[in-house]
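>>> Sequence plus the predicted model coming up.
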Protein chains: 4
Amino acid sequence: MARKIGVIGIGNVGSAIAHHIIVQGIADELVLIDQDTAKVEADAMDFTDALANLENHTKIIVNDFSALADADVVFSSIGNIQLANDNQTNDRFAELPYNSAAVREVAPKIKASGFNGVLIVITNPCDVITALYQKYTDLPKNQVIGTGTLLDSARMKRAVAGELKLDPRSVSGYNLGEHGNSQFTAWSTVRALGHSISEIAPQKDISLSTLDQVARDGGFVVLKGKHCTNYGISAAAVHLAKDIIGDAHSELPVSNYRAEYATYLSYPAIIGKNGIEEKIQLDLTEDEKEKLQLSADFIKQKFAETIAQDQS
Amino acid sequence: MARKIGVIGIGNVGSAIAHHIIVQGIADELVLIDQDTAKVEADAMDFTDALANLENHTKIIVNDFSALADADVVFSSIGNIQLANDNQTNDRFAELPYNSAAVREVAPKIKASGFNGVLIVITNPCDVITALYQKYTDLPKNQVIGTGTLLDSARMKRAVAGELKLDPRSVSGYNLGEHGNSQFTAWSTVRALGHSISEIAPQKDISLSTLDQVARDGGFVVLKGKHCTNYGISAAAVHLAKDIIGDAHSELPVSNYRAEYATYLSYPAIIGKNGIEEKIQLDLTEDEKEKLQLSADFIKQKFAETIAQDQS
Amino acid sequence: MARKIGVIGIGNVGSAIAHHIIVQGIADELVLIDQDTAKVEADAMDFTDALANLENHTKIIVNDFSALADADVVFSSIGNIQLANDNQTNDRFAELPYNSAAVREVAPKIKASGFNGVLIVITNPCDVITALYQKYTDLPKNQVIGTGTLLDSARMKRAVAGELKLDPRSVSGYNLGEHGNSQFTAWSTVRALGHSISEIAPQKDISLSTLDQVARDGGFVVLKGKHCTNYGISAAAVHLAKDIIGDAHSELPVSNYRAEYATYLSYPAIIGKNGIEEKIQLDLTEDEKEKLQLSADFIKQKFAETIAQDQS
Amino acid sequence: MARKIGVIGIGNVGSAIAHHIIVQGIADELVLIDQDTAKVEADAMDFTDALANLENHTKIIVNDFSALADADVVFSSIGNIQLANDNQTNDRFAELPYNSAAVREVAPKIKASGFNGVLIVITNPCDVITALYQKYTDLPKNQVIGTGTLLDSARMKRAVAGELKLDPRSVSGYNLGEHGNSQFTAWSTVRALGHSISEIAPQKDISLSTLDQVARDGGFVVLKGKHCTNYGISAAAVHLAKDIIGDAHSELPVSNYRAEYATYLSYPAIIGKNGIEEKIQLDLTEDEKEKLQLSADFIKQKFAETIAQDQS
């Protein structure tokens, strides 16, 4: 059967995802959905104008929720980056009221379509929004995933790889917890050059706090220069989608529901056609466990507040 | 040797080109140049944050003209779309004063780098700017190419394919002349379903003027909805670059210098590692020849005016 | 839904098809079927040993006809090249008794699986075998296609492109009829450099008979040097499969049932997810029509003989 | 500059490498060299017949050593699998006399071409032959690499991934030493599911000796069923070439010269455009160190014997 992917929210991130998919030929049918009809039709036409010069053919469908019925993967890339930018601390929670309202509008339409694939949530604040989508679509928890710290982990790998002069793909390890201010690199999981980073970094005269700083500074460079991020996140999101469609059973750190924390948060899991195929149990340090608990508590509280507001 | 590509002007088009190249792994080294340092560094960092989740590794270099010395291809995607949008008729010539000034600044830097590959010009008005680049870089004419009507031809193919329910790659033919208001589809060259379009269209109850209209309407949809075009043009530009680097000797309609018209204008040519490898001679109808002459005259006049202003 | 492809017959051609599919990531699930269990399990294990070093994940299933139930495309690449080689004239009909027996064995198993995708037949003699598969699987005629002269057309394009120093993809046109000795290039359909080949060849001091000879000589070089052909044919077959899965509606010359000739034979058609989506009607010359009729008569007669033998 | 790759020895492995490269568009120019002129010309023609149906254009050059002058990568896939098969234990050393003679013939021709890229040696016995190539081409040691245990590591990953139901790319770790009977999996380096394999295997009721057995059994299945291996090894070889051309600085276990063992043997290293960019130092167990020393001693002895014979 053809591969079918939906993208809801065709802003900076959604259009980068669509561009990546079309250019690489990752979907046979691509459903683009956005409330700004003129904009999404413009992007769709622009993509169609690209087809004569591309290697792969992609069928593009616009603003038809019913077309999601047999989609393999649907992305939520809804967002209002302006709200995040207006807020001087760039807090992803500045978008929460707007985005949670969007979920309450969109989720029932996804559900009504009969969609039974995997929903990948990019919309921020990612963990809370992922939990909301799961609640309002009624999809099994394994079929609703947030990109979470897959991006933060990529940034950590970029920083470590940069300092060690390596391919980022030759650095392993995870950022955990909230895709937000309480996230952290679980340094005990990071490995490069055949060693734990805690062994290799001192040999190279690098401290973990420097690596933390380099990773964070990269984020500031992006934020300051373009007021959004779209290529790093879209690469992460598409990677996830490919592993779902290909049933790869790969290990990726994404926002998934962890019963012991009673919340969605980012923790590595095995990814396949059912979304989360298997949970992983890391051996974190006491300090990392504490940070993760704090991050979990924060997400849980924000989710509870959001639900409470919804019901009031 | 590694494939090296430069992109000068990282706006909507330049960043879409860079995204396409990185996602598909088309270059080993990518040089991004823009006068807005914060923006180009942000895009470069964002692309670097994508690498951990991509299949190919791309080295990204920022704002270093000297790195163009051994590039295979350099794109000029400089532009000021705001100027074009402010102008209600969306005349590409609204950008000419700004863009021709940019060429006079950038071309000497390209030349100084020792670049001896193929320069692909997307900057509008494409044909005049291509001619200016050739003049100011002193590169041989075959090494300076404008994307020209490669995009217009793709739009024509999209329109014809849409009406005939075909893959746009199964429609052949060209739009010729200026990449601007005087361009036209040379219908005598268009073929689909094993026939000339003039035979097949009536059988399908379609008129060529309808096809013209559908192609144009698509452009309006893009313009109205997103105030720019980037995916269609970047696909065309990257297609051209791949055929140059791979020395494909493919036939594409691009803006190239035609001695009989004494100007750059779009006309199919054979594309390879030297840029234009061979000229093609079409059998156009009298009407098409006339339109092409008018288009050529217009470009020549605009080029002469621009040069005259430069020297005054 | 994941893309699923079956390959029946894992000899030189079948394994080249599987290799192409796995390396490029064209299927999510690949079903390999061959009567030589040890050989097909060896290839499957060898492919699995490749996965750690590839960009895409492919699930490989061996010798399970029931797994074809939900396949998009199934290839028949059964063959006994030894029989063809033993026969000094390399007549593809030397394989007919062996291969038609194979069809009678395999087709019911395909049918029993519930397969309802598109069957692509490479097994020679291609047109007769395609007709047999259609008869014995009871699939609609549009869902049973032979690769036919898609390979011969590629060889013609290689020859023309070689003489004109062009990318073979910049030559258009078709070889028609039987994928065998009665096939011919319909020169009236061949175009390059913006012209009909009959106009351009003399300008380049090339005769059509030289081009015919160059195309044929290439075939002899392959045959003499490796006693089989697999890369050209597998590229053709995979191209066809991609256009089917992607519902591209591209135009390709393949063996399809033409009612006016009451037989399968190669003639361009529009390819999509239903296999043959639309028939094309060429304007052939009288000479070409005659050759095609002869080719059709030959295929029909061979098919009738084969059926007669089956029933005796 | 275009990417140029040479393949010397177009047997089962060399042709699979060439097929992979052409299908994926990994080189712009591909030089195929084999002493069986008719066979290599047949493969080249067959590949050329594929081009009309592929996405990328590849220029193919046959039996011209001088064309290697500016190649990025040259593979040696010379071999005589018959010799290995005749020997009942499938000892790769059965091929040594034949293959070392081939090196003495081929290496001077590579040297004479002026080639200064990276030579990737697949020819068995891999470590000894790699050392011979380095000696006879006089290339710096970092520019001569054997694929070594990159294949054995892939097989180990396949086995571990199979038992744990994972993507092989989500298993990390290395096989070390000789690409031959003395190689071994350094289990202390193997990780999956966020843990060392020594922790995770018992949880899944799997013993390391079972994993060893599964990896080895896979090899036997390939050997028994097809009397050669080509897809696993070609994927490993092409992976290596891509990381060299892209200057990826990735970490891969390959046969490289380790001064402390005074021999070529497989040990992870950082791969980039200079071949070996950096050495890695693992923390092996005492048992693993002992096995590696034995493996090293064996290779050194075989190399010394070969050189002694050459000079006698």
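Sure, I can see it. Numbering: from 1, shown residues only, chains lettered A, B, ... in the order given.
>>> Specify the local secondary structure of the residue of the stretch 101-250 of chain A found nearest chain B.
Of all residues in the stretch 101-250 of chain A, A:G225 sits closest to chain B, at 2.5 Å by C-beta to the nearest C-beta. Quick note: C-beta positions are derived from backbone N, CA and C, even for glycine. Of the three states, A:G225 takes helix according to DSSP: H, G, I helix; E, B strand; the rest coil.
>>> who's in contact with the residue lying closest to it once chain neighbours are set aside?
Spatial nearest neighbour of A:G225, chain neighbours left out: B:A42 (2.5 Å); criterion: C-beta to C-beta, 6 or more residues apart in numbering or on different chains. Contacts for B:A42 (C-beta atoms under 8 Å, 6 or more residues apart in numbering or on different chains) come out as A:V221, A:V222, A:L223, A:K224, A:G225, A:K226.
>>> tell me which element the first one is part of?
The one in question is A:V221. Remark: A:V221 resides in helix A:208-226, with elements defined by DSSP states H and E.
>>> measure the residue nearest to A:G225 to A:V23 for me?
Using C-beta to C-beta, to the nearest Å, one gets 21 Å for the distance from B:A42 to A:V23.
>>> try A:S182
35 Å.
>>> So those two - more neighbours on which side?
Taking neighbours as other C-beta atoms under 10 Å in any protein chain shown, A:S182 and A:V23 compare with A:V23 leading, 26 against 18.
>>> Grab the nearest non-local neighbour of whichever residue of the stretch 1-150 of chain A sits closest to chain D.
Closest residue of the stretch 1-150 of chain A to chain D, C-beta to the nearest C-beta: A:E55 (4.1 Å). Counting by C-beta to C-beta, 6+ apart, D:E55 is the residue found nearest to A:E55 once chain neighbours are left out, at 4.1 Å.
>>> okay but the one you found is in contact with D:G25, surely?
Yes: if you go by C-beta atoms under 8 Å, D:E55 and D:G25 touch, sitting 6.4 Å apart.
>>> So which of these two has more stuff around it?
A direct count of neighbours by other C-beta under 10 Å for D:E55 and D:G25 places D:G25 higher, at 20 against 16.
>>> would you list every one of the strands in the stretch 201-312 of chain A?
Using DSSP state E, counting those that start in this stretch, the strands of the stretch 201-312 of chain A run over A:250-258, A:263-272, A:275-279.
>>> which of those strands is buried the deepest?
strand A:263-272 (a mean of 27; mean count of other C-beta atoms under 10 Å in any protein chain shown).
>>> Just list the residues touching the residue nearest to A:S295 when sequence neighbours are not counted, thanks.
Once flanking residues are discounted, A:S295 sits nearest to A:G177: 3.0 Å by C-beta to C-beta, 6+ apart. If you count contacts by C-beta under 8 Å, 6+ apart, A:G177 has them with A:T149, A:Q183, A:F184, A:L265, A:S266, A:K291, A:L292, A:L294, A:S295, A:A296, A:I299.
>>> picking that back up, please identify the buried residues of the helix holding A:V221?
By 16 or more other C-beta atoms under 10 Å in any protein chain shown, the buried positions in helix A:208-226 come out as A:L211, A:V214, A:A215, A:G218, A:G219, A:V221, A:V222, A:L223, A:G225, A:K226.
>>> Residues of chain A that sit close to chain D?
Counting by C-beta under 8 Å from any C-beta of the partner chain, chain A comes close to chain D at A:55, A:161, A:165-167, A:169-170, A:172, A:189, A:191-195, A:199, A:243, A:248-251, A:268, A:270, A:277-278, A:280-283.
>>> Mark which of those are buried, thanks.
A:55, A:161, A:166-167, A:169-170, A:172, A:189, A:191-195, A:243, A:248-251, A:268, A:270, A:277-278, A:280, A:282.
>>> quick one on the thing from earlier: buried subset of the contacts of A:G177?
By 16+ other C-beta under 10 Å, the contacts of A:G177 give A:T149, A:Q183, A:F184, A:L265, A:S266, A:K291, A:L292, A:S295, A:A296, A:I299 as buried.
>>> Now for the last one: which residues touch it?
It refers to A:I299. Counting by C-beta under 8 Å, 6+ apart, A:I299 touches A:D127, A:V128, A:A131, A:G177, A:E178, A:T263, A:Y264, A:L265.
>>> Adding distance to B:I233, write the residues you listed out as JSON lines.
Formatted as JSON lines, those follow (distance: C-beta to C-beta, whole Å):
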{"residue": "A:D127", "distance to B:I233": "38"}
{"residue": "A:V128", "distance to B:I233": "38"}
{"residue": "A:A131", "distance to B:I233": "40"}
{"residue": "A:G177", "distance to B:I233": "41"}
{"residue": "A:E178", "distance to B:I233": "39"}
{"residue": "A:T263", "distance to B:I233": "45"}
{"residue": "A:Y264", "distance to B:I233": "40"}
{"residue": "A:L265", "distance to B:I233": "41"}
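>>> Next, format the residues you listed as a markdown table and append pLDDT.
Shown next, in a markdown table, are the contacts of A:I299 (pLDDT from 0 to 100):
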| residue | pLDDT |
| --- | --- |
| A:D127 | 97 |
| A:V128 | 96 |
| A:A131 | 97 |
| A:G177 | 96 |
| A:E178 | 94 |
| A:T263 | 98 |
| A:Y264 | 98 |
| A:L265 | 98 |
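>>> Now the two most distant members of those.
Farthest apart among the contacts of A:I299 by C-beta to C-beta are A:A131 and A:G177. That separation is 14.2 Å.
>>> At the geometric centre of chain A, which residue sits there?
What sits nearest the mean C-alpha location of chain A, by C-alpha atoms, centre = their mean, is A:T147, with 2.0 Å.
>>> Please tell me how far it sits from C:H19.
Plainly put, A:T147 is 33 Å away from C:H19 if you go by C-beta to C-beta.
>>> can you give me the helices for the stretch 51-200 of chain A?
For the stretch 51-200 of chain A, applying DSSP state H, counting those that start in this stretch gives helices covering A:81-86, A:96-113, A:126-137, A:150-164, A:197-203.
>>> ok, residues contacting the longest one?
So that's helix A:96-113. So helix A:96-113 is in contact with A:8-9, A:65-69, A:74, A:76, A:78-80, A:83, A:119, A:123-125, A:128-129, A:132-133, A:136-139, A:302, A:306, A:309-310, going by C-beta under 8 Å, 6+ apart.
>>> quick one: low-confidence parts of chain A?
A:83-90 (pLDDT under 70).
>>> show me the contacts for A:P125.
By C-beta under 8 Å, 6+ apart, A:P125 lies in contact with A:R92, A:F93, A:E95, A:L96, A:N99, A:E178, A:H179, A:G180, A:K302.
>>> so which of those is the most crowded?
Top of the contacts of A:P125 by neighbour count (other C-beta under 10 Å): A:H179, with 32 neighbours.
>>> Quick check: it touching A:I145?
No: when contacts are counted by C-beta under 8 Å, A:H179 is not listed as touching A:I145 (11.8 Å).
>>> what sits in contact with each of those two?
When contacts are counted by C-beta under 8 Å, 6+ apart, A:H179 and A:I145 are jointly contacted by A:S255.
>>> Next one: the residue in the stretch 51-200 of chain A that chain C sits nearest to relative to chain B, how far apart?
Closest contact between the stretch 51-200 of chain A and chain C, by C-beta to the nearest C-beta, is at A:H57 (3.9 Å). A:H57 sits 6 Å away from chain B, taking C-beta to the nearest C-beta, to the nearest Å as the criterion.
>>> check contacts around the closest residue in space to that residue that isn't next to it in sequence.
Spatial nearest neighbour of A:H57, chain neighbours left out: C:A248 (3.9 Å); criterion: C-beta to C-beta, 6+ apart. By C-beta under 8 Å, 6+ apart, the contact list for C:A248 reads A:H57, B:D167, B:R169, C:K242, C:I271, C:G272.
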